[in-house]
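A.B. asks: My questions concern the predicted model and sequence given below.
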Amino acid sequence: MTLVDLQKIYSQPFFDLISRARSVYLEHWARDEVQLCTLLSIKTGGCSEDCAYCAQSARYSTGVDAGRLMKTEEVLQLAERARENGSTRFCMGAAWKGVREGEAKFEQVLDIVRNVSRLGMEVCVTLGHLGLSEAKKLKEAGVTAYNHNLDTSEEFYPEIVSTHTFQDRLDTISAVQSAGISVCCGGIIGMGETETDRLKMLEVLTNFDPAPESVPINCLIPMPGTPLEDQPPVDVFELVRLIATTRIVLPNARVRMSAGRTRLSKEAQALCFFAGANSIFYGNKLLTAANPGVDEDRELLAALDLGTHGSDQE
Ligand code: SAM
Ligand code: DTB
Ligand code: SF4
């Protein structure tokens, strides 16, 4: 896909765009079903990187203190609870620049993954930068997907992060793919980027080989203390257009409505589902920020007659 192709799709009349996205969804997915994913921050805060949106960067005074890496037992208990609550994917995040083979913290993560993967859910981790040997170890331990977002276009990336590059992100993704792990890769909107930046990011995603298995679309949560704390909210129709375009060009990907749902109305979320979103983070908390309550989400899915992945529907 080229940027021009994406611009054509994105800028067609709104109802044509979402109808087309809905048809593509129905052609590729058996039923209306949303995957519930539980997110857990296994190591919070104190990160060396300066990502301008992130409450976990040690550079900003955000009130998020640096924590220690959780113990396997603690993680396992929460993973069991997530499975009981209907999640079919468990995503663990760590606030690090990256991991290296031989480090004690990496060994500890491998131990966590080995244990969590026995529960039978998809196991996703997001640990920052890594190379092929680390990716292979994670695969062996039972990781099914690695989350590493491009976050925005290559051109806008240096405005958001100075401590690593867009190319570093691509290198990690390529290591993950070479190890045979599914890639979960998306971005954030609402950081001051243009429509072209958003579509350029999507252009890069459509040229991944293999295509990303899941695409998280985050709306910026303007975290107090970060350089982006005063950013205005994203226009909901721009969000819906981006989700619909993603559904059309990456028909087999799980498109995840990720950060920022607390600021979206029920109606806005319904439009996002219609446009092809088929996964959400489920649980009261994301990594450090709030997420809609589980009861609220259950009610919303029921009101829209949306089933959940992994549950018996017949
Ligand atoms: N340190 C790892 C990394 O950078 O890949 C993993 C954790 S990082 C918090 C994962 C993703 O969460 C980021 O790439 C970004 O897309 C999203 N994220 C973080 N803070 C956010 C915020 N305030 N609003 C929206 N999305 C956010
Ligand atoms: C992703 O794209 N979004 C999630 C997950 N991958 C790791 C993280 C959202 C974080 C929101 C801000 C916070 O909780 O601090
Ligand atoms: Fe660190 Fe990841 Fe936050 Fe960047 S997004 S500051 S790398 S935790």
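C.D. replies: Now that the structure is in, tell me what you want to look at. Residues are numbered from 1 along each chain as shown. Ligands and ions are numbered 1, 2, ... in the order given.
A.B. asks: what residues does the stretch 201-314 of the chain put near ligand 3?
C.D. replies: Residues of the stretch 201-314 of the chain that fall close to ligand 3, judged by Cβ under 6 Å from any ligand atom: none. C-betas here are computed from N, CA, C, even on glycine.
A.B. asks: So for stretch 181-199, what gets flagged as buried?
C.D. replies: Within stretch 181-199, the residues that count as buried by 16 or more other Cβ atoms under 10 Å are 181-191, 193, 197-199.
A.B. asks: what does stretch 6-17 give?
C.D. replies: Buried-residue list, stretch 6-17, by 16+ other Cβ under 10 Å: Leu6, Ile9, Tyr10, Gln12, Leu17.
A.B. asks: contacts for it?
C.D. replies: If you take Cβ atoms under 8 Å, 6 or more residues apart in numbering as the criterion, stretch 6-17 is touched by 20, 195-196, 199, 202-203, 206, 237, 240-242, 244-245, 248-249, 275.
A.B. asks: distance between the ends of that stretch?
C.D. replies: End-to-end distance for stretch 6-17, by Cα to Cα, to the nearest Å: 12 Å.
A.B. asks: same deal with stretch 262-277?
C.D. replies: 16 Å.
A.B. asks: The chain should start at 43 in everything you say after this.
C.D. replies: OK, 43 is where the count begins now, so the last one is stretch 304-319.
A.B. asks: and that stretch, does that touch ligand 2?
C.D. replies: No - with Cβ under 6 Å from any ligand atom as the measure, stretch 304-319 is seen stopping short of ligand 2, the closest distance being 10.5 Å.
A.B. asks: where's that stretch relative to the chain centroid, distance-wise?
C.D. replies: Here the centre of mass of C-alpha atoms in stretch 304-319, compared against the chain's by Cα atoms, centre = their mean, to the nearest Å, lies 16 Å away.
A.B. asks: and that stretch, which residues are buried?
C.D. replies: Quick answer for stretch 304-319 (16+ other Cβ under 10 Å): Leu306, Gln311, Leu313, Cys314, Phe315, Phe316, Ala317, Gly318, Ala319.
A.B. asks: What segments of this structure are strands?
C.D. replies: With strands called from DSSP state E, the chain shows them at 75-85, 131-136, 164-168, 187-189, 224-226, 229-231, 256-261, 296-299, 321-323, 349-350.
A.B. asks: Just tell me which of those ends up closest to Glu116.
C.D. replies: strand 75-85 (8.7 Å; Cβ to Cβ).
A.B. asks: Mind giving me the ChimeraX select for the contacts of stretch 48-59, buried ones only?
C.D. replies: Buried residues among the contacts of stretch 48-59 (16+ other Cβ under 10 Å), as a ChimeraX selection:
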select :62,241,244,245,248,282,283,284,286,287,290,291,317
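A.B. asks: For the stretch 43-192 of the chain, which residues are neighbours of ligand 2?
C.D. replies: Counting by Cβ under 6 Å from any ligand atom, the stretch 43-192 of the chain sits next to ligand 2 at Leu81, Ala97, Cys133, Gly135, Thr168, Asn189, Asn191.
A.B. asks: quick one: low-confidence ranges for the protein?
C.D. replies: The chain contains residues with pLDDT under 70 at 354-356.
A.B. asks: Name the residue closest to the centre of it, please.
C.D. replies: Residue closest to the mean C-alpha point of the chain, counted by Cα atoms, centre = their mean, is Pro258 at 3.5 Å.
A.B. asks: residues touching that one, list them.
C.D. replies: Asn189, Asn191, Cys226, Cys227, Gly228, Gly229, Arg298, Ser300.
A.B. asks: Now distance to Gly87 too, for these, in TSV please.
C.D. replies: As requested, the contacts of Pro258 are exported to TSV (distance: Cβ to Cβ, whole Å):
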residue	distance to Gly87
Asn189	18
Asn191	19
Cys226	22
Cys227	23
Gly228	23
Gly229	22
Arg298	24
Ser300	20
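A.B. asks: that older thread, of the buried residues of stretch 223-241, which pair is most distant in space?
C.D. replies: For the buried residues of stretch 223-241, the farthest-apart pair by Cβ to Cβ is Ile223 and Gly232; their separation is 28.8 Å.
A.B. asks: Tell me how many other residues surround Ser195.
C.D. replies: Per other Cβ atoms under 10 Å, the neighbour tally for Ser195 reads 22.
A.B. asks: Let me see the contact set for it.
C.D. replies: Glu235, Thr238, Asp239, Arg240, Lys242, Met243, Val246.
A.B. asks: go with 7 Å
C.D. replies: Glu235, Asp239, Lys242, Met243 (Cβ atoms under 7 Å, 6 or more residues apart in numbering).
A.B. asks: so can I have CSV of those residues showing distance to ligand 2?
C.D. replies: Below are those laid out as CSV (distance: Cβ to the nearest ligand atom, whole Å):
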residue, distance to ligand 2
Glu235, 16
Asp239, 17
Lys242, 18
Met243, 12
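A.B. asks: Could you single out the nearest of those to Asp210?
C.D. replies: Met243 (15.6 Å).
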